[in-house]
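> Sharing a sequence plus its predicted fold:
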Amino acid sequence: QFVESGGGLVQPGGSLRLSCAESGFTLNYYVIGWFRQAPGKEREGVGYIGRIYGNTYYADSVKGRFTISRDNAKSTVYLQMNSLNTEDTAVYYCAAGSLATMRASAYSTWGQGTQVTVSS
């Protein structure tokens, strides 16, 4: 299981950076996906980063605002979120899998989630 950190309360237009790490578990070998779930809504894929070349993919709702990166030396994956709006309010999860996909079922290991609240 992973440890996600970096969530919190931010004003619209603000930024947050989420981290996903796990001691004793090397994220480097896996595709890492980010997902989010808002109250009353289904889980939504945010994006993922590939394990070898670090290729990224983003959902249309966050494209141009969110950036996923990985620091293999630290076995950590980041989700940089800029220009946040109230619709980004959700619990954010990172997950590890073997396939570069936004299908949540393809990811076998999940973090506990971190709350992101965008509000004035």
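Looks like it arrived, so ask away. Residues are numbered from 1 along each chain as shown.

> For the spatially most central residue of the chain, what is the enclosing helix or strand?
Centroid-nearest residue in the chain, with C-alpha atoms, centre = their mean: W34, separated by 2.9 Å. Taking DSSP states H and E as the criterion, W34 maps to strand 31-37.

> Quick check: buried residues in that strand?
V31, I32, G33, W34, F35, R36 (16 or more other C-beta atoms under 10 Å). For every residue, glycine as well, the C-beta is placed using N, CA and C.

> residues contacting Y30?
Residues near Y30 by C-beta atoms under 8 Å, 6 or more residues apart in numbering: R51, A96, G97, S98, T109.

> out of these, who has the most neighbours?
Neighbour counts for the contacts of Y30 (other C-beta atoms under 10 Å) peak at A96, which has 23 neighbours.

> Can you verify that one is assigned to a helix?
No - counting by DSSP: H, G, I helix; E, B strand; the rest coil, A96 is not found in a helix; it is strand.

> gap between the residue nearest to it when sequence neighbours are not counted and V10?
Spatially, and ignoring its direct neighbours in sequence, A96 is nearest to Y30 (3.9 Å; C-beta to C-beta, 6 or more residues apart in numbering). Distance, Y30 to V10, by C-beta to C-beta, to the nearest Å: 28 Å.

> and T109, backbone torsions?
Phi and psi for T109, reported as degrees, to the nearest 10, are phi -130, psi 130.

> Just give the strands next to the lowest-mean-pLDDT helix or strand in the chain in its sheet, each with its orientation.
Least confident element among the helices and strands of the chain, by mean pLDDT, DSSP states H and E: strand 3-5 (a mean of 90). Counting by DSSP bridges, the strands paired with strand 3-5 are strand 16-21 (antiparallel).

> could you give me the average pLDDT of whichever helix or strand comes after the least confident helix or strand of the chain?
Next in sequence after strand 3-5, counting helices and strands by DSSP H and E, comes strand 8-10. Strand 8-10 shows a mean pLDDT of 98.
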